[in-house]
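> below: sequence and its predicted model.
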2 protein chains.
Amino acid sequence: MTTTASRAEAIAEALRAQILGGKYGPGEKLPSERELAVRLGANRSSVREALKKLEQLGMIAIRPGGGARVVPMAEAGLGVLRHALGAEAPDRELVAQWLDVHELVIAGAARFAVERGTEEEFAEAKRLLRKLVQPTTTDDEFIQTGDALTELIAVASRNVVLRMVRNGLTAAAQKRPETRRQVRAPRKELLPIIRDIEQAMDDRDPARAEEGVRKLLRTNRSLVIDLLAGPSGGN
Amino acid sequence: MTTTASRAEAIAEALRAQILGGKYGPGEKLPSERELAVRLGANRSSVREALKKLEQLGMIAIRPGGGARVVPMAEAGLGVLRHALGAEAPDRELVAQWLDVHELVIAGAARFAVERGTEEEFAEAKRLLRKLVQPTTTDDEFIQTGDALTELIAVASRNVVLRMVRNGLTAAAQKRPETRRQVRAPRKELLPIIRDIEQAMDDRDPARAEEGVRKLLRTNRSLVIDLLAGPSGGN
DNA sequence: CGACCAAACTGGTCGGACCGCATTGGATGG
DNA sequence: CCATCCAATGCGGTCCGACCAGTTTGGTCG
């Protein structure tokens, strides 16, 4: 079923699930490459490649001659998120935390963007903002436009580091197509916020732009939660 | 010379330097694994492992049967930063951008931390803040205390995603010991800011805490620039 | 009981081999 | 002459068996 990708990726996926599932607790040692190979019915090379993947994600730490130990999730890198959020039923709390950080980063980027952006970028931003509230825009287009807008903000911030952080965040939120959900976009409430952001761009007012984008993202908050974690339930 | 680590790591380092140095431009295809192996005098396994590392960093994209092409730096992950900033003479502009993002993230974390932190964490934060301005604190201790403080803020924010982002940022800023520089910490100007942050904790005032931490980080800005990129000069 | 050393691990590298896939360039049919 | 098709080529992905260097570990010896 889940043999969608390469052998090594499948092994990495399995180990990842086992670690995230708690089979191997933080600090615990994983079986050796050779034992994992026979246990999973794969070659040591493939197992090794999978382990290297997990090491690069920051999930495990490998010492030559020593073995591989599980690293606590909070000490890992952003890459782990991609698989924690990509699960069948992601933790709603984790999704909420993702949204908080995303809001923080993009709103901050908007501040820089208004300070350093070009007229062309402002025009493009206004075009995208207007498209968000156009009645002819489908829900899929709404999401795509939103993504394009955040990327535009990141680019206009003239900050490569910020773009990289956003890359990590958005990559983590990428859902596999088969688990995508249908959502409804809240259009009406957006109009005043969008006007506010446009005004901020005209006035080159960074603080106002930051606050406007923050409100914009917060309005879409429940939408993203539904998109990533499925409707209602707890929280 | 630079055989600090394993063979694969050395190869990855070399390729990384070549890519960052512009030998292979964005979108350009790298030589095949076999050719790189003979060219670098290493086994294909080692070359392969190095390429996998770069792929995981987001620097290159590998297609089965196709080859490996270079990904533009702005589309890569945070991991690339570690080596871009770890160079002998890092780009000062890049360091400045790192500082902007770090300030944005930690100040935002401070907001959450004041909302969600425990009394014990507040007490620890105050202890660290006071240590920053104690005359008996050495410059090395100043830096360590600052790191501990930002980590405490990240932990107290109760946001795993935010901690991961911070992990990525701090890992990128880790300098190799041999290239560390001596710096002087600006202690006197910190006192009013620190009092402000303490007051914000007592009042549970998130906005004030965010602004205070932002000022605190900004005060240390030139210090970090010197630490990472070396004092003044061009580049 | 403690220090010490050797055997048993572990990960890192090597060389060779085979597979399925993507690319490509020449032969073919229009 | 051009568009099409297909086989040869090159690519990454996997597998195998072997050896090396470092860590762990257990038992032995002082």
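Everything's here; your move.

> contacts and neighbour counts: CA atoms only from here.
OK.

> where does the prediction get shaky in chain A?
In the predicted model, chain A carries pLDDT under 70 at residues A:1-4, A:87, A:175-183, A:230-235.

> how about the helices in it?
Under the criterion DSSP state H, chain A contains helices at A:7-20, A:33-40, A:44-57, A:79-85, A:92-116, A:119-133, A:139-156, A:160-172, A:190-203, A:206-219, A:221-229.

> export those helices to a markdown table and tack on mean neighbour count and distance to B:E119?
Formatted as a markdown table, the helices of chain A follow (neighbours: other Cα atoms under 10 Å in any protein chain shown; distance: least, Cα to Cα, whole Å):
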| stretch | mean neighbour count | distance to B:E119 |
| --- | --- | --- |
| helix A:7-20 | 18 | 30 |
| helix A:33-40 | 15 | 45 |
| helix A:44-57 | 21 | 33 |
| helix A:79-85 | 21 | 29 |
| helix A:92-116 | 23 | 22 |
| helix A:119-133 | 17 | 43 |
| helix A:139-156 | 19 | 36 |
| helix A:160-172 | 23 | 31 |
| helix A:190-203 | 18 | 37 |
| helix A:206-219 | 21 | 29 |
| helix A:221-229 | 21 | 30 |
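
> between those helices, which gets nearest to DNA strand C?
Closest of the helices of chain A to DNA strand C is helix A:33-40, at 3.9 Å (criterion: Cα to the nearest atom of the strand).

> now for that closest one, which elements pack on it?
helix A:44-57 (3 or more Cα pairs under 8 Å, 6 or more residues apart in numbering or on different chains; DSSP states H and E).

> contacts for stretch A:39-59, please.
Defining contact as Cα atoms under 8 Å, 6 or more residues apart in numbering or on different chains, one finds that stretch A:39-59 is touched by A:7-9, A:11-12, A:16, A:33-34, A:36-37, A:60-62, A:70-73, A:75-80, B:49, B:53, B:56-57.

> so which of those residues reach DNA strand D?
Of the residues in these, proximity to DNA strand D by Cα under 7 Å from any atom of the strand holds for A:R7, A:A8, A:E9.

> between the residues you listed, which is nearest DNA strand D?
A:R7 (3.0 Å).

> apart from its neighbours in sequence, what residue is nearest the closest one?
A:S46 (6.7 Å; Cα to Cα, 6 or more residues apart in numbering or on different chains).

> cool, and A:R130?
Distances taken as Cα to Cα, 6+ apart place A:I194 nearest to A:R130, at 7.8 Å, with adjacent residues excluded.

> surely the one you found meets A:R214?
No. Counting by Cα atoms under 8 Å, A:I194 does not reach A:R214; the two are 11.2 Å apart.

> make CSV from the ones next to DNA strand D among the contacts of stretch A:39-59 and add distance to DNA strand C to it.
Output for these, formatted as CSV (distance: Cα to the nearest atom of the strand, whole Å):
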residue, distance to DNA strand C
A:R7, 12
A:A8, 14
A:E9, 15
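
> list the contacts for A:L149?
With the criterion set at Cα under 8 Å, 6+ apart, A:L149 makes contact with A:A125, A:L128, A:L129.

> separation between it and B:D203?
Distance of A:L149 to B:D203, computed by Cα to Cα, to the nearest Å: 37 Å.

> repeat that for A:E124.
42 Å.

> ok, A:P90 next?
Taking Cα to Cα, one finds A:P90 at 35 Å from B:D203.

> closest to B:G168 among the ones next to DNA strand D among the contacts of stretch A:39-59?
Taking Cα to Cα as the measure, B:G168 lies nearest A:E9 of those, at 22.9 Å.
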